[in-house]
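A.B. asks: Here is my input, please return the structure:
(chains A, B, C and D, ligands or ions: 2)
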There are 2 protein chains.
Amino acid sequence: MGHNGRRRIPEATVARLPLYYRSLIDCNERDLATVSSDQLAELAGVNAAKVRKDLSYLGSYGTRGVGYDVEYLLHEISRELGLTQDWPCVIVGAGNLGAALANYRGFGARGFRIVGLVDDASDKVGQTVGELTVEPMHTLANMVNERSISIGIIATPASAAQPVADALISAGIRSVLNFAPAVISVPPNVSVRKVDLATELQILSFYQLRGLTSGPALVVDRPA
Amino acid sequence: MGHNGRRRIPEATVARLPLYYRSLIDCNERDLATVSSDQLAELAGVNAAKVRKDLSYLGSYGTRGVGYDVEYLLHEISRELGLTQDWPCVIVGAGNLGAALANYRGFGARGFRIVGLVDDASDKVGQTVGELTVEPMHTLANMVNERSISIGIIATPASAAQPVADALISAGIRSVLNFAPAVISVPPNVSVRKVDLATELQILSFYQLRGLTSGPALVVDRPA
DNA sequence: TTCACTTCGAGAAAGCATTCACAAGCTCGG
DNA sequence: CCGAGCTTGTGAATGCTTTCTCGAAGTGAA
Ligand SMILES: NC(=O)c1ccc[n+]([C@@H]2O[C@H](COP(=O)([O-])OP(=O)(O)OC[C@H]3O[C@@H](n4cnc5c(N)ncnc54)[C@H](O)[C@@H]3O)[C@@H](O)[C@H]2O)c1
Ligand SMILES: NC(=O)c1ccc[n+]([C@@H]2O[C@H](COP(=O)([O-])OP(=O)(O)OC[C@H]3O[C@@H](n4cnc5c(N)ncnc54)[C@H](O)[C@@H]3O)[C@@H](O)[C@H]2O)c1
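C.D. replies: Numbering: from 1, shown residues only, chains lettered A, B, ... in the order given. Ligands and ions are numbered 1, 2, ... in the order given. Purely as a prediction, here's the structure:
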């Protein structure tokens, strides 16, 4: 029945686990005890074969003829994603976006807590944003160390992104989420993910221009 | 010299065009007249063969032994991405994130202008955010029509995402950018892209947990 | 003109990801 | 306990993306 042992999980699958996780939370809130790959696929907006293949990389957690136990699968995915532990984060750049992120109570919900907000502008330092006080850049290294920060979020202008990334990395951070529209280079033991608004809009305009649609237009129905 | 004629551009390539676009803007600002695939690859953080293959889908715009003419390539990519025209956008949801986006002067720069901001909370309606005034939801359909809005940006809570998407679509919008952590279903002639913070953080924690790094760790060097 | 050198374009190979299709395994009613 | 009916898990097939490789085409010096 397939070796349940250690198995490399493909990147594409990893990127979908959070989606399944969210879908399962939904199921749980609706008091569903089990869910089939078909239902889960519908909720996650992907196809059922993909759900089954993805979940099979984690192990054989389903029951044939029944589906997946919601609570159990939720637990397993949480464990794979590391959501059973805390991931303190620091935001660099207390501007528009940095402030919105710091105010955002909603991913604090799942272990990702913003425990530091730093900025290099002297007029920002000392300001209060939500429950945080903006601290100066030179405190970064100590802060990362003392508060066991593992994730750094870059919300500065693009021109500052590389130096800020360098500062985060030399403070010991190994995971970076970059909101600035700039490519940053990092040593091979550091992960970077980016969130790029302009890119997304440009992809939309590309397809709109041609009367085509992006993505695997599997998401359908709804009367409209 | 390859047939320069109409050729389907792969999705993966489309998603990188904005990256090349940004890199070429850089080159232009540094007054480089031409750029080689190697240089462009370095700037975009991808590998050179990929740059050449990607650009070859647009046509044969390079010169052997020389590279690509920066201005010319910039123009061609702009044209492909539809950046030579205006893309008026509306934001739905004037909360933390909606306000940060509305205030953001930086993608207005490239044809994407926010021309409307709507919210269904009566205490938000009438408020001023940047240069915009928050308008009520029921004005959406007229607004989309009168201001020729082509892109809808969802910045409401997840629970409102589907009804908001439905409203946007029935107002005539065919391109949606969704910031809410929810899967939305749309008819097949509508494009949706999503920006999901929680997903990105979860991917980072997955890899950090294992001492691995995400992505094609091609980005290197830098003393640190 | 010729030669050494550079760089693109694109076929072909290799590597991933998605989808198909079905045997295996489970439940439940009778 | 059996058989009908579901649903998983996974090899195999398909399709997409990336990478390799190298001929073709350009430059500039002599
Ligand atoms: N505002 C948005 O909605 C939005 C949307 C998408 C992307 N972005 C991107 O996010 C980034 C931030 O945008 P914003 O609107 O918040 O900008 P902003 O100008 O409001 O804020 C940037 C902040 O970074 C600080 N900063 C600058 N250099 C720094 C450095 N070297 N070290 C530490 N702090 C530094 C500034 O003092 C400022 O407080 C930009 O790169 C922008 O392109 C913003
Ligand atoms: N704030 C952030 O930094 C951040 C980051 C990532 C993702 N998000 C996501 O973005 C979305 C917005 O976040 P936020 O922090 O701005 O929330 P928010 O609560 O500050 O704002 C939401 C706004 O949407 C409005 N709204 C609610 N239902 C509506 C409806 N049916 N029609 C029109 N407007 C409606 C509300 O009145 C409110 O003004 C959420 O889905 C959140 O998960 C936010």
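A.B. asks: and chain A, which residues reach DNA strand C?
C.D. replies: Contact residues (CB under 7 Å from any atom of the strand) of chain A with DNA strand C: A:1, A:10-13, A:46-47, A:49-50, A:52-53, A:63-66, A:216, A:218. Bear in mind the C-beta positions are built from the backbone N, C-alpha and C, glycine included.
A.B. asks: Recalculate using a threshold of 10 Å.
C.D. replies: A:1, A:8-16, A:34, A:37, A:41, A:46-54, A:56-57, A:60, A:62-67, A:216, A:218 (CB under 10 Å from any atom of the strand).
A.B. asks: Looking at those residues, which are in strands?
C.D. replies: In this view, the residues of chain A next to DNA strand C that belong to strands under DSSP state E are A:34, A:62-63, A:67.
A.B. asks: A:Gly82: which of those is nearest?
C.D. replies: Among those, A:Gly62 lies closest to A:Gly82 (CB to CB), at 22.5 Å.
A.B. asks: Give the closest residue to the closest one in space, chain neighbours not counted.
C.D. replies: A:Tyr68 (4.7 Å; CB to CB, 6 or more residues apart in numbering or on different chains).
A.B. asks: returning to that earlier point: which among the residues of chain A next to DNA strand C count as buried?
C.D. replies: The neighbour-count test (16 or more other CB atoms under 10 Å in any protein chain shown) marks A:13-16, A:34, A:37, A:41, A:46, A:50-52, A:54, A:62, A:67 as buried among the residues of chain A next to DNA strand C.
A.B. asks: So which of those residues belong to helices?
C.D. replies: Those of those mapping onto helices are A:13-16, A:37, A:41, A:50-52, A:54, per DSSP state H.
A.B. asks: hmm, what's the outermost residue in chain A?
C.D. replies: The outermost residue of chain A relative to its centre, with distances by CA atoms, centre = their mean, is A:Gly65 at 32.8 Å.
A.B. asks: how many neighbours does A:Val115 have?
C.D. replies: Neighbour count of A:Val115, defined by other CB atoms under 10 Å in any protein chain shown: 19.
A.B. asks: From the buried ones among the residues of chain A next to DNA strand C, list the ones also adjacent to DNA strand D.
C.D. replies: Residues of those in contact with DNA strand D (CB under 10 Å from any atom of the strand): A:34, A:37, A:41, A:50-52, A:54, A:62, A:67.
A.B. asks: Tell me which two in those are the farthest apart.
C.D. replies: With CB to CB as the measure, no two of those lie farther apart than A:Thr34 and A:Lys50, at 19.2 Å.
A.B. asks: Domain-wise, how is chain A divided?
C.D. replies: A:3-81, A:87-199 (automatic domain parsing).
A.B. asks: residue ranges with poor pLDDT in chain A?
C.D. replies: By pLDDT under 70, the weakly predicted segments of chain A are A:1-6, A:107-109, A:215-224.
A.B. asks: what ranges do the helices span in it?
C.D. replies: Listed in chain order, the helices of chain A (DSSP H) span A:11-29, A:37-44, A:48-56, A:70-81, A:96-103, A:140-146, A:158-170, A:197-210.
A.B. asks: Setting aside sequence neighbours, what's the nearest residue to the residue of chain A found nearest ligand 1?
C.D. replies: Closest approach between chain A and ligand 1, counting by CB to the nearest ligand atom: A:Gly95, at 1.7 Å. What sits nearest to A:Gly95 in space, not counting adjacent residues and going by CB to CB, 6+ apart, is A:Ala155, at 6.6 Å.
A.B. asks: How about the contacts made by that neighbour?
C.D. replies: A:91-95, A:97-98, A:101, A:179-180 (CB atoms under 8 Å, 6 or more residues apart in numbering or on different chains).
A.B. asks: if we go to 10 Å?
C.D. replies: A:91-102, A:117, A:119, A:161, A:164, A:177-180, A:195, B:100 (CB atoms under 10 Å, 6 or more residues apart in numbering or on different chains).
A.B. asks: Over to A:Pro88?
C.D. replies: A:111-116, A:143-144, A:147-151.
A.B. asks: beta partners for it?
C.D. replies: Note on A:Pro88: beta-bridge partners by DSSP bridges are A:Arg113.
A.B. asks: Distance of it relative to ligand 2?
C.D. replies: Computed with CB to the nearest ligand atom, to the nearest Å, the distance linking A:Pro88 and ligand 2 is 17 Å.
A.B. asks: is it true that A:Leu58 touches A:Arg79?
C.D. replies: Yes: when contacts are counted by CB atoms under 10 Å, A:Leu58 is listed as touching A:Arg79 (9.1 Å).
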